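S.K.: A structural model of the following input is requested.
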Amino acid sequence: MKRAAFVAGLLVLALLLMIPGASLYYESGSGEACARCHEIRGSFENWQASTHRSVPCKGCHGDALTLDAEFHMTNLRRVSTHLRGDVPEQVRIRERDALRMLERCRNCHRQEFADWQAGPHGISYDRIFLDKEHNRKQLLMDDCLRCHGAWFEGSIRDLVTPIDSRGPWRLRDAGRRTLPVMPCMACHQMHRRGQPLARPPATLLPPGPNQELHRPSLALYDRRERTFVSTAALPMPAMREGPRRVKMSPDARQGICYQCHAPLASFQVNSGDDRTAIGVHEGLSCLACHLRHGQQTRASCATCHPRLSNCGLDVEKMDTTFKDKNSKHNIHFVKCADCHTKGVPKRRTPQAGAPVATRPLPATPPRAARKLPFAPASP
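M.R.: Numbers count the residues shown, from 1 in each chain. Here you go, the predicted model:
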């Protein structure tokens with residue numbers, strides 16, 4: 001009887017050890033053990049050449065000491081899959097993995113995470129898909145998930161019910177209400193090849209050649225192909241205002257912006273969800289005014305005005321949507337002639353030796369050097 005109990009205890013212990021044992025196997029050899037599985041080899045080699053190369057696998061994917069049972073069960077299933085010979089052609093990250101990655105992103109990128117969480121891109125499923133005003137005007141469809149819910153593994157009918165313009169609408173899975181529709185990995189590929197970012201300078205520098213213009217990790221997650229598309233492969237639209245071709249900034253990062261804030265097939269400015277700047281702001285990059293993760297714009301005017309304005313007035317007090325969202329003069333499309341109906345005044349030139357009036361920047365700690373608004377991209 002005692003022997004049977006002892007054997008049973010050993011079996012239970014073996015089963016318990018098998019779960020973290022799979023995780024220990026993957027962690028051994030500084031990641032090389034992970035790459036023994038041929039389907040992981042590509043991801044492993046990309047990681048070795050990526051901006052996150054100094055971060056060990058367990059830094060983002062978890063380790064054997066975690067108390068997360070799902071993490072261990074996933075690794076155990078992988079071992080079981082290999083023993084059965086049922087090996088996938090390519091590893092695909094699931095939605096739950098992308099959402100879990102949020103906490104690990106925050107561990108290193110606290111400021112960026114806080115900005116994203118407080119900004120429009122940190123919005124949740126309930127605020128997007130249970131918006132009564134929107135749902136009554138436009139029928140929900142699968143294409144909504146291209147931007148809002150790219151990681152959702154299903155169709156719009158699996159997410160919301162009913163699909164009509166009457167409502168009341170509800171999420172089929174109530175636990176999804178507060179989940180973000182655009183997690184970090186909607187726009188960032190962790191294993192994208194590139195050099196680690198250098199430490200920001202100890203003092204604030206004016207916009208110029210030292211300014212960061214591109215992050216190697218920037219890439220759009222395409223839910224149809226379940227893969228990432230680098231900004232280098234994302235085309236910039238040839239926008240038009242009537243028959244006139246609009247001057248565009250060469251900032252390649254905008255390729256991601258245009259995947260969601262896209263015009264209609266006519267490529268006309270302000271059609272669809274387009275926000276291409278014309279008028280006084282034509283040729284500026286989206287990121288000349290919109291901070292990267294939080295998308296805030298309140299501090300961006302002071303980087304150019306009144307220094308670059310013709311009239312020398314405080315543009316933040318002018319009749320535009322910057323001052324009042326109900327203004328008829330959208331900040332993206334406003335032209336001097338919209339307000340100066342009797343003619344645009346000539347540019348005021350300061351007298352020689354006279355100081356140029358600028359708004360002083362608030363004292364900012366060195367870390368915020370990365371958070372300055374982006375200057376207009378060179379034509």
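
S.K.: how about the secondary structure of Arg100?
M.R.: What DSSP: H, G, I helix; E, B strand; the rest coil gives for Arg100 is helix.

S.K.: return the distance of it relative to Cys184.
M.R.: Distance from Arg100 to Cys184, counting by CB to CB, to the nearest Å: 11 Å. All C-beta spots, glycine's among them, are computed from the backbone N, C-alpha and C.

S.K.: of these two, which one has the most company?
M.R.: The residue with more neighbours, out of Arg100 and Cys184, is Cys184; 23 against 17, by other CB atoms under 10 Å.

S.K.: where do the helices of this protein begin and end?
M.R.: Secondary structure of the chain (DSSP state H): helices at 2-27, 32-35, 38-48, 57-61, 69-84, 95-108, 110-118, 125-129, 132-137, 156-159, 254-260, 336-339.

S.K.: adding mean pLDDT and distance to Ala233, write those helices out as CSV.
M.R.: Formatted as CSV, the helices of the chain follow (pLDDT from 0 to 100; distance: least, CB to CB, whole Å):
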stretch, mean pLDDT, distance to Ala233
helix 2-27, 57, 31
helix 32-35, 66, 26
helix 38-48, 79, 16
helix 57-61, 80, 24
helix 69-84, 74, 30
helix 95-108, 88, 21
helix 110-118, 91, 24
helix 125-129, 96, 27
helix 132-137, 94, 31
helix 156-159, 96, 27
helix 254-260, 92, 8
helix 336-339, 86, 37
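
S.K.: for this protein, give me the ranges with low pLDDT.
M.R.: 1-38, 197-214, 310, 347-379 (pLDDT under 70).

S.K.: let's see that with 50 instead.
M.R.: Low-confidence segments of the chain, defined by pLDDT under 50: 202-211, 351-379.

S.K.: wait, Met248 touches Arg240, no?
M.R.: No: with contacts counted by CB atoms under 8 Å, Met248 stays clear of Arg240, the gap being 10.7 Å.

S.K.: name the nearest residue to Lys247, ignoring sequence neighbours.
M.R.: Counting by CB to CB, 6 or more residues apart in numbering, Lys247 lies nearest to Gly283, which is 4.4 Å off, once chain neighbours are set aside.

S.K.: what's around the one you found, how many residues?
M.R.: Gly283 has 16 nearby residues by other CB under 10 Å.

S.K.: tell me if I'm right that it and Ser249 touch.
M.R.: Yes: contact status for Gly283 versus Ser249: in contact at 5.8 Å, counting by CB under 8 Å.

S.K.: next, the contact list for the residue nearest to Ala232 when sequence neighbours are not counted, please.
M.R.: Nearest residue to Ala232, sequence neighbours excluded (CB to CB, 6+ apart): Ala252, at 6.7 Å. Counting by CB atoms under 8 Å, 6 or more residues apart in numbering, Ala252 touches His214, Thr231, Ala232, Leu234, Met236.

S.K.: quick check: PyMOL command selecting the buried ones in those.
M.R.: A single PyMOL command is used to select the members of the contacts of Ala252 judged buried by 16 or more other CB atoms under 10 Å:
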select buried, resi 231+234
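
S.K.: the contacts of Ala252 into TSV, with extra columns for distance to Leu140?
M.R.: Shown next, in TSV, are the contacts of Ala252 (distance: CB to CB, whole Å):
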residue	distance to Leu140
His214	34
Thr231	29
Ala232	33
Leu234	26
Met236	29
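
S.K.: quick one, which of the helices of the chain is nearest to Phe267?
M.R.: Closest to Phe267 of the helices of the chain is helix 254-260 (CB to CB; 10.5 Å).

S.K.: so what touches the closest one?
M.R.: 146-147, 187, 218-220, 231, 234-237, 273, 285-287.

S.K.: now the buried members of those residues.
M.R.: Arg146, Cys147, Cys187, Leu218, Ala219, Leu220, Thr231, Leu234, Ser285, Cys286, Leu287.

S.K.: sounds good, over and out.
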